[in-house]
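Visitor: attaching a predicted model along with its sequence, questions to come.
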Amino acid sequence: MTTRPLTEQAEAILRQNDRGGYTVPTEGLYPYQWNWDSAFSAFGFSEFDLERAWQELGTLFSGQWGQRHGTAHPVPRA
């Protein structure tokens, strides 16, 4: 059992799953950016790194299909 505060554990998980602009939901299981998960990742990042939170959303919307279309779900990333 860990004695680290929950906020530190959450930050460590976000950083572990960070792929340099987007976050995967689970390391080794889902290699793509998922829009639902990215929204929650952005909320988490906003607690300790606001710039990274905005980057998460910006990367998500870069997968948008045209001006009036939705975002791919998941967003394939190399």
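Guide: Here it is on my side, so go on.
Visitor: low-confidence stretches in this structure?
Guide: For the chain, the stretches with pLDDT under 70 are 1-2, 65-78.
Visitor: just the helices from it, written as ranges.
Guide: 6-16, 35-45, 50-61 (DSSP state H).
Visitor: out of the ones you listed, nearest to T23?
Guide: Comparing the helices of the chain against T23 with Cβ to Cβ, the closest turns out to be helix 35-45 (4.1 Å). C-beta here means a position set from N, CA and C on the backbone, and glycine is covered the same way.
Visitor: now do the closest one: which elements does it pack against?
Guide: Judged by 3 or more Cβ pairs under 8 Å, 6 or more residues apart in numbering; DSSP states H and E, helix 35-45 is in contact with helix 6-16, helix 50-61.
Visitor: TSV for the helices of the chain, including mean neighbour count and distance to V24?
Guide: Converted to TSV, the helices of the chain look like this (neighbours: other Cβ atoms under 10 Å; distance: least, Cβ to Cβ, whole Å):
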stretch	mean neighbour count	distance to V24
helix 6-16	13	9
helix 35-45	18	8
helix 50-61	16	11
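Visitor: out of those helices, which is closest to G28?
Guide: helix 6-16 (10.6 Å).
Visitor: ok so, going back, let me have the helices of the chain in TSV, extended by distance to L29.
Guide: Putting the helices of the chain into TSV (distance: least, Cβ to Cβ, whole Å) gives the following:
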stretch	distance to L29
helix 6-16	13
helix 35-45	12
helix 50-61	19
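Visitor: quick check: the spatially most central residue of the chain vs D37, distance?
Guide: The centroid of the chain falls nearest to T23 when counting by Cα atoms, centre = their mean (3.2 Å). Separation of T23 from D37 (Cβ to Cβ, to the nearest Å): 7 Å.
Visitor: before we move on, what about F61?
Guide: Counting by Cβ to Cβ, the gap from F61 to D37 is 15 Å.
Visitor: ok, now E47?
Guide: 16 Å.
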